[in-house]
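Colleague: Predicted structure and sequence below. I'll ask about it afterward.
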Amino acid sequence: MEPRFRPYTHKLDDPWEELRADREGCPVAYSRHLDAVQVSSYAAIREVMEKLPHSFTGTYSTLYPREQPLPQEEQVFAAADPPRHTRQRRLFVKAMSASRIQHMRPFSERLADELIDAIVAKGDTFDLAAAYARKVSEGHIGELLGIPKGDRERFLYLSSLFELSTADPRSQAHAAEMADWHAELVETVRARRSAGPDSDDLITALCFAEEDGDRLDELEVAAMIRSMIRAGNSTTSAAIVNTVAALEHHPEQKAKYLADIDALTPSLLEEGLRYDGPALGLWRRCARATTIQGYELEPGDRIFTVYAAGNHDPEAFDRPEEFLIDRDWKQLPPHLAFGFGIHHCIGMNLAKLECETSISALYRRLPGLRLKPGAPTPQVPGPVFRNWLTLEMEFTPPALPAGSR
Amino acid sequence: MPELRAGGHRLTVDHDLCSGSGRCRDIAPDLFVVRDDRSWIAEGAQVTDADEDLLRQVEAACPWFAVSYAPSAENV
């Protein structure tokens, strides 16, 4: 049996039936549509993740099926292998740790309230993606990097170009703009390094971070920041939008959530990420001969791990096609939305904080919040992401004041 | 910060870095538990010379570099 999943040409709004058929019939199999070995069961994806450090490489990019490795300075995070990856991650991990990210909570709550105030000031309908989720994500990254408020829109715009470019790897439509952006970022890094180590923003921290007397050069810092924005901006925004969309399509679950927002927010977020997380799948290449669930892979073979399929695997999750916001995640295996193993999403703690503060504030403050009937909800193209690009919503004023609990 | 010293071995989990992914528990289920989104050294856990390889694996696998292990030979 051949995989049916055709995300380049026939990407479905609801791919779950198609992914179920592939996961059951051919969990590890060559796909003509992807020109890669498609990996779609939870166990097989986990096996890939466990074998990543020894048998696979991300240096051909995890976001595009490239024929050549990325230039050395572009090999960062998921697109880097150990020991290069280990050094980068060590320098970055302190800034993104759970304890450090908790310091951002007051900012995060304030930002959600300001954005809701702006929505309320404009009327009783809004696009959740453009007016809220993207601004939440952009605001947190801007704050972490110390980007002035006036420049934050531009960061968002360039990140969205990048996301669109994954849908058609041959397209050069955005190459010039993205090259300009890279050059600008290198200049910002140089300016921060010249300004000295006193500022507590992440760019300055990376410029002066040391590991065994070794420092990152400016190109590497710029590539890491770029990679962080690519990996963290539209994905976190999508996590917020996808979770709200799922909740709105399941009225019984929504009623349950509204009755106990405080208690249910953590498990709602986990379920949102499992049921319709932002990462549909990622690319990698086999570097050393290995097997996945017995399927033989040779060096040079391209693989595509379909996280969304693994997250709907009944071997891992009971009633996987149901959206159940009160699953007991302490008793369940982890969902794959943040990956697994040495490349585990380094922005996880920040993403969780953003989703928690923004989704809970939205449902606390906007009475009668609901989808606007009949509004189209376009899905981002391409095999890598799941993201509703607009989600038109309405509510019944008056809104509750900021800080409502 | 959870710490275990036994027979000259020293094992620690840095809770400033730990984000509770549980790789340590997956690899060494007798030595680690995950509770309140953090990893802890299991109650009554024992570390002997025979655990050195296992703990080296845990140290290398932690995505947050939160687990540190020094075997007795390095720890005198």
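Modeller: Everything's here; your move. What you see is a predicted model, and the numbers here were worked out from it, not measured in a lab.
Colleague: Count the neighbours of the closest residue to chain A within chain B for me.
Modeller: Proximity of chain B to chain A (Cβ to the nearest Cβ) peaks at B:Pro63, 3.7 Å away. For every residue, glycine as well, the C-beta is placed using N, CA and C. Neighbour count of B:Pro63, defined by other Cβ atoms under 10 Å in any protein chain shown: 22.
Colleague: Just give the closest residue to it, not the sequence neighbours.
Modeller: Leaving aside its chain neighbours, B:Pro63 sits nearest to A:His344 (3.7 Å; criterion: Cβ to Cβ, 6 or more residues apart in numbering or on different chains).
Colleague: Likewise for A:Glu109?
Modeller: A:Thr357 (5.1 Å).
Colleague: per-residue confidence for the residue of chain B closest to chain A?
Modeller: pLDDT recorded at B:Pro63 is 95.
Colleague: wait, isn't it in contact with A:Gly341?
Modeller: Yes. B:Pro63 lies in contact with A:Gly341 (Cβ atoms under 8 Å); the separation is 6.9 Å.
Colleague: Now for these two: what residues contact both?
Modeller: B:Arg23 (Cβ atoms under 8 Å, 6 or more residues apart in numbering or on different chains).
Colleague: Is there any residue in stretch B:18-26 that contacts chain A?
Modeller: Yes. Stretch B:18-26 lies within reach of chain A by Cβ under 8 Å from any Cβ of the partner chain, at B:Cys18, B:Ser19, B:Gly20, B:Ser21, B:Gly22, B:Arg23.
Colleague: Show me which helix runs longest in chain A.
Modeller: Counting by DSSP state H, the longest helix found in chain A is helix A:218-248.
Colleague: what packs against the following helix or strand past that one?
Modeller: As assigned by DSSP states H and E, the chain's next helix or strand after helix A:218-248 is helix A:251-259. With contacts defined as 3 or more Cβ pairs under 8 Å, 6 or more residues apart in numbering or on different chains; DSSP states H and E, helix A:251-259 has these neighbours: helix A:218-248, helix A:261-276.
Colleague: A:Thr265 - nearest residue in space that isn't next to it in sequence?
Modeller: Per Cβ to Cβ, 6+ apart, closest to A:Thr265 is A:Ser360, 4.9 Å.
Colleague: pLDDT score for the one you found?
Modeller: pLDDT at A:Ser360 comes out at 98.
Colleague: swap in B:Arg56?
Modeller: 94.
Colleague: Name the helix or strand for it, please.
Modeller: Going by DSSP H and E, B:Arg56 is part of helix B:52-61.
Colleague: Now tell me what touches that helix from outside.
Modeller: A:341-342, B:11, B:23-24, B:27-28, B:31-32, B:47, B:67-69, B:71.
Colleague: can you pull the buried residues of that helix?
Modeller: Applying a neighbour-count criterion of 16 or more other Cβ atoms under 10 Å in any protein chain shown, one finds B:Leu55, B:Val58, B:Glu59, B:Ala60, B:Ala61 buried in helix B:52-61.
Colleague: Show the subsequent helix or strand relative to it.
Modeller: Next along from helix B:52-61, by DSSP H and E: strand B:67-70.
Colleague: Adjacent strands (with direction) for that next one?
Modeller: strand B:9-13 (antiparallel) (DSSP bridges).
Colleague: so the strand it pairs with versus helix B:52-61, what angle?
Modeller: 30 degrees (axes from the mean of the first three to the mean of the last three Cα atoms, to 10 degrees).
Colleague: can you list contacts of strand B:9-13?
Modeller: In contact with strand B:9-13 (Cβ under 8 Å, 6+ apart) are residues B:1-5, B:24, B:31-32, B:38-41, B:47-48, B:51, B:55, B:66-72, B:75.
Colleague: Separate out the buried members of these.
Modeller: Buried among the contacts of strand B:9-13 (16+ other Cβ under 10 Å): B:2, B:4, B:24, B:31-32, B:38-41, B:47, B:51, B:55, B:66-71.
Colleague: picking up where we left off before, list the contacts of the residue of chain B closest to chain A.
Modeller: A:Arg89, A:Gly341, A:Ile342, A:His343, A:His344, A:Ile346, B:Ser19, B:Ser21, B:Arg23.
Colleague: still on that earlier bit, and the gap between the residue nearest to A:Glu109 and chain B?
Modeller: 17 Å (Cβ to the nearest Cβ, to the nearest Å).
Colleague: Spell out which helix or strand contains that residue, please.
Modeller: Using DSSP H and E, A:Thr357 falls in helix A:348-365.
Colleague: next one: that helix to chain centre, how far?
Modeller: 15 Å (Cα atoms, centre = their mean, to the nearest Å).
Colleague: Residue 43: how many residues sit nearby?
Modeller: All of this is about chain A. For A:Ala43, using other Cβ under 10 Å, the count is 15.
Colleague: nope, chain B please
Modeller: 6.
Colleague: Need the residue closest to the centroid of chain A.
Modeller: A:Thr235 (3.0 Å; Cα atoms, centre = their mean).
Colleague: Can you name the residues that contact that one?
Modeller: By Cβ under 8 Å, 6+ apart, the neighbours of A:Thr235 are A:Pro278, A:Ala279, A:Ala351, A:Phe385, A:Asn387.
Colleague: check contacts around A:Asp201.
Modeller: Taking Cβ under 8 Å, 6+ apart, one finds A:Leu144, A:Leu145, A:Gly146, A:Arg192 in contact with A:Asp201.
Colleague: What residue in the stretch 101-250 of chain A comes nearest to chain B?
Modeller: A:Ile101 (9.1 Å).
Colleague: pLDDT score assigned to the residue lying closest to that residue once chain neighbours are set aside?
Modeller: Spatially, and ignoring its direct neighbours in sequence, A:Ile101 is nearest to A:Asn349 (4.1 Å; Cβ to Cβ, 6+ apart). pLDDT for A:Asn349: 95.
Colleague: in terms of contact, does A:Asn349 touch A:Ser97 like I think?
Modeller: Yes. Between A:Asn349 and A:Ser97 there is a contact under Cβ under 8 Å: 6.7 Å.
Colleague: Identify the contacts common to these two.
Modeller: B:Ser19.
Colleague: which regions of the chain sit below the pLDDT cut-off?
Modeller: All of this refers to chain A. A:156, A:159-160, A:163, A:169, A:405 (pLDDT under 70).
Colleague: Oops, wrong one, chain B.
Modeller: B:73-76.
Colleague: what about 50?
Modeller: Applying pLDDT under 50 to chain B picks out residues B:76.
Colleague: which residues touch A:Phe107?
Modeller: A:His140, A:Glu143.
Colleague: Check whether it sits in a helix, strand or coil.
Modeller: helix (DSSP: H, G, I helix; E, B strand; the rest coil).
Colleague: Dump stretch A:212-222 to CSV, restricted to CA.
Modeller: Taking C-alpha atoms only, stretch A:212-222 is exported to CSV below (Å, rounded to 0.1, in the frame of the first residue of the first chain):
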residue,chain,number,x,y,z
ASP,A,212,34.5,26.9,27.7
GLY,A,213,35.9,30.2,26.5
ASP,A,214,34.0,29.9,23.2
ARG,A,215,31.6,32.5,21.9
LEU,A,216,29.1,32.5,19.0
ASP,A,217,30.0,34.7,16.1
GLU,A,218,27.6,37.3,14.8
LEU,A,219,26.4,35.3,11.8
GLU,A,220,25.7,32.4,14.1
VAL,A,221,23.8,34.6,16.6
ALA,A,222,21.7,36.1,13.7
